[in-house]
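**Student:** Take a look and give me a structure for this.
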Amino acid sequence: ILLPFMQSYARSGGFSITGKIKTALIENAIYYGTYLLIFGAFLIYVAVNPNFNLQWNQLQTIGIAAANTWGLFLLVLLLGYGLVEIPRSHWNGAKRGYLLMKTYFKAAKLMTEKADAEENLEDIMEEVRKVSESIKYNHPLRKCVDTILKKCPTEYQERMGRNMDDYEDFDERQNSYPSEKSLVKLHKQVIYSVQRHRRTQVQWQILLEQAFYLEDVAKNETSATRQFVHTFRSQEPENKIIQYFYTPTVEWYWECLLRPWFYRVLAVVLATFSVIVVWSECTFFSTKPVLSLFAVFIQLAEKTYNYIYIEMACFLTIFFLSICVYSTVFRIRVFNYYYLASHHQTDAYSLLFSGIEMTQSLWTYVEYSCLELILGEFFFQIMGSMRVLTFIADGFYIYYPMLVVILCIATYFSLGTRCLNLLGFQQFMGDSEMTSDLIDEGKELIKRGK
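**Tutor:** The predicted structure is shown next:
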């Protein structure tokens, strides 16, 4: 309850703590009220229908089963993507040409987003200018306008400050003054547009540095001196100890020779783990014989009472599952509504949303899935089965593991990427004409950035 409230508070455009709290309470009341309305309709239907005779404890069971099923379904969606995409991303990380082409593609898309953010900011600043000129220094809402101006970039503040006539009184007979509600909406738009503009500017600079680095690697691969030469030196001061050991020769061997092989070996190891997880998910219910590889390893360690091995195996299993699930959460982007951006460019709403997903729901089911893989059917004998409803019990052991396999296959063949591409959301696909055009456009943009 607290984190959704904080989300609404952070997104509010109120000018006071009381106003933000009021907005957050109203939004959460609507959100939870909708759920209560649906649940109330369900209770009325059960009470009226003579075929149902449910007690309170049975309703609790239905609620718990529904929550657990939804949590495991969400875990499967994220896990199925991560099990394939993480090994593949490391394998592609060894291919310099692939990374450079993808960076050019990202540059073309980011430039479009950057131009859109700049245009949107200009439009919002024009509205702020009009409001600032209409509401004078002695207007009751002038404090609200000043608060909005403080959120604007410095150059816009200076520009609007020069055009203001603070000695002109406002006319109470005028009816064209904006209301406080419209100022709250404008304040919210200013916060969003400024944050988006700043984020695209930072991301563009970072992408330029990445493109320059990949181009340097491509040039240095054929170097006869075997010393890494940078086109542009980093402006940040480097540690002298790192400079002493990480010489241009060492850098050349690492970047041009060793790093690709390291990524390939790591990709093979991660792919092996992924295959083991998928196999164990599909066979965890079998006890005679035990088919889950995680359960087999743990049982072998139990015979020799090797508790250190058991602890390390459990830790590595949870660690790998967490990486697969949470890395997928970090990749999710719902337009500009929810987006985790690197280098401290994520807004408060997206951070709180990811916090809700990771702390309240996903971590519990990651642990559940780990125990399920290791203990198999014995886990249900100890903790009790989650199969409390007939339609869940009949298909639980079928749809849960099969869904993991289906999602892994869909991710391997990039079906989601292809669907988004067909819907008009350009995605990086090597065999697409649109991708080739965006790569060429991005290459030209990087040249201009130099």
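**Student:** ranges for the helices of the stretch 251-400 of the chain?
**Tutor:** Counting by DSSP state H, counting those that start in this stretch, the segments of the stretch 251-400 of the chain that form helices are 259-283, 293-303, 307-331, 348-356, 363-375, 377-383, 390-412.
**Student:** number of nearby residues for V76?
**Tutor:** Around V76 sit 22 other residues, with neighbours defined as other Cβ atoms under 10 Å. For the C-beta atoms, the positions are set from N, CA and C on the backbone; glycine is no exception.
**Student:** Burial-wise, tell me which of the helices of the stretch 251-400 of the chain comes out on top.
**Tutor:** Mean neighbour count (mean count of other Cβ atoms under 10 Å) peaks for helix 363-375 among those, with a mean of 20.
**Student:** picking up where we left off before, quick one: which of the helices of the stretch 251-400 of the chain is nearest V184?
**Tutor:** Ranking the helices of the stretch 251-400 of the chain by proximity to V184 (Cβ to Cβ) places helix 348-356 first, at 16.4 Å.
**Student:** Need the mean per-residue confidence for the closest one.
**Tutor:** In this model, helix 348-356 has an average pLDDT of 79.
**Student:** could you check the angle helix 307-331 makes with it?
**Tutor:** Angle, helix 348-356 to helix 307-331, by axes from the mean of the first three to the mean of the last three Cα atoms, to 10 degrees: 150 degrees.
**Student:** Please identify which of the helices of the stretch 251-400 of the chain is closest to Y192.
**Tutor:** When these are compared by Cβ to Cβ, helix 348-356 sits nearest Y192, at 9.3 Å.
**Student:** From the rest of the structure, what touches that closest one?
**Tutor:** Residues external to helix 348-356 that are found in contact with it (Cβ atoms under 8 Å, 6 or more residues apart in numbering): 3-4, 6-7, 10-11, 329-330, 338-341.
**Student:** got it, and stretch 241-254?
**Tutor:** Contact partners of stretch 241-254, identified using Cβ under 8 Å, 6+ apart, comprise 220, 223, 226-229.
**Student:** Tell me the span between the first and last residue of it.
**Tutor:** 17 Å (Cα to Cα, to the nearest Å).
**Student:** now stretch 141-157
**Tutor:** Criterion Cα to Cα; first-to-last residue distance in stretch 141-157 is 18 Å.
**Student:** Next, the buried residues of it.
**Tutor:** Judged by neighbour count using 16 or more other Cβ atoms under 10 Å, the buried positions of stretch 141-157 are 141, 144-145, 147-149, 152, 156-157.
**Student:** In a markdown table: these, plus secondary structure and distance to N49.
**Tutor:** Conversion of the buried residues of stretch 141-157 to a markdown table gives the following (DSSP: H, G, I helix; E, B strand; the rest coil; distance: Cβ to Cβ, whole Å):
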| residue | secondary structure | distance to N49 |
| --- | --- | --- |
| L141 | coil | 55 |
| C144 | helix | 53 |
| V145 | helix | 58 |
| T147 | helix | 55 |
| I148 | helix | 54 |
| L149 | helix | 60 |
| C152 | coil | 58 |
| Y156 | helix | 62 |
| Q157 | helix | 63 |
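**Student:** Reformat these as TSV; add distance to G430.
**Tutor:** Supplementary listing: the buried residues of stretch 141-157 in TSV, determined by distance: Cβ to Cβ, whole Å:
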residue	distance to G430
L141	55
C144	52
V145	51
T147	49
I148	46
L149	48
C152	43
Y156	42
Q157	46
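**Student:** ok, so of the residues you listed, who is nearest M434?
**Tutor:** When these are compared for distance to M434 (Cβ to Cβ), Y156 wins out at 35.6 Å.
**Student:** Measure how buried E119 is and give me the count.
**Tutor:** Once other Cβ under 10 Å is used to define contacts, E119 is seen to have 12 neighbours.
**Student:** and the residue most central in space within the chain, how far is that from I17?
**Tutor:** Central residue of the chain (Cα atoms, centre = their mean): F330, 3.0 Å from the mean position. In this structure, F330 and I17 are separated by 31 Å, where distance is defined by Cβ to Cβ, to the nearest Å.
**Student:** With L438 instead?
**Tutor:** 45 Å.
**Student:** ditto for E215
**Tutor:** When distances are taken as Cβ to Cβ, E215 and I17 turn out to be 50 Å apart.
**Student:** Those two: which is more packed in?
**Tutor:** Neighbours of E215 and I17, each counted by other Cβ under 10 Å, are more numerous for E215; the result is 19 against 9.
**Student:** following the strand or helix carrying that one, which helix or strand comes up?
**Tutor:** Counting by DSSP states H and E, the element that carries E215 is helix 180-220. Under the assignment DSSP H and E, the closest C-terminal helix or strand after helix 180-220 is helix 240-245.
**Student:** And stretch 147-155, how far out from the chain middle?
**Tutor:** Counting by Cα atoms, centre = their mean, to the nearest Å, stretch 147-155 is centred 29 Å from the centre of its parent chain.
**Student:** try stretch 112-130
**Tutor:** Here stretch 112-130 is found 25 Å from its chain centre; the criterion is Cα atoms, centre = their mean.
**Student:** what's the offset of the helix or strand where K109 lies from the middle of its chain?
**Tutor:** Assigned by DSSP H and E, K109 falls within helix 96-134. When distances are taken as Cα atoms, centre = their mean, helix 96-134 is centred 20 Å away from the chain's centroid.
**Student:** what does stretch 73-92 give?
**Tutor:** Taking Cα atoms, centre = their mean, one finds stretch 73-92 lying 14 Å from the centre of the chain it belongs to.
**Student:** what is the mean pLDDT for it?
**Tutor:** With pLDDT averaged residue by residue, stretch 73-92 scores 88.
**Student:** Filter the contacts of stretch 241-254 down to the buried ones and hand me the ChimeraX line.
**Tutor:** Restricted to buried positions by 16+ other Cβ under 10 Å, the ChimeraX selection for the contacts of stretch 241-254 reads:
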select :220,228
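**Student:** how about the contacts of stretch 241-254 in JSON lines, adding distance to S182 and pLDDT?
**Tutor:** Supplementary listing: the contacts of stretch 241-254 in JSON lines, determined by distance: Cβ to Cβ, whole Å; pLDDT from 0 to 100:
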{"residue": "N220", "distance to S182": "57", "pLDDT": "87"}
{"residue": "S223", "distance to S182": "62", "pLDDT": "82"}
{"residue": "R226", "distance to S182": "65", "pLDDT": "85"}
{"residue": "Q227", "distance to S182": "62", "pLDDT": "86"}
{"residue": "F228", "distance to S182": "57", "pLDDT": "86"}
{"residue": "V229", "distance to S182": "57", "pLDDT": "83"}
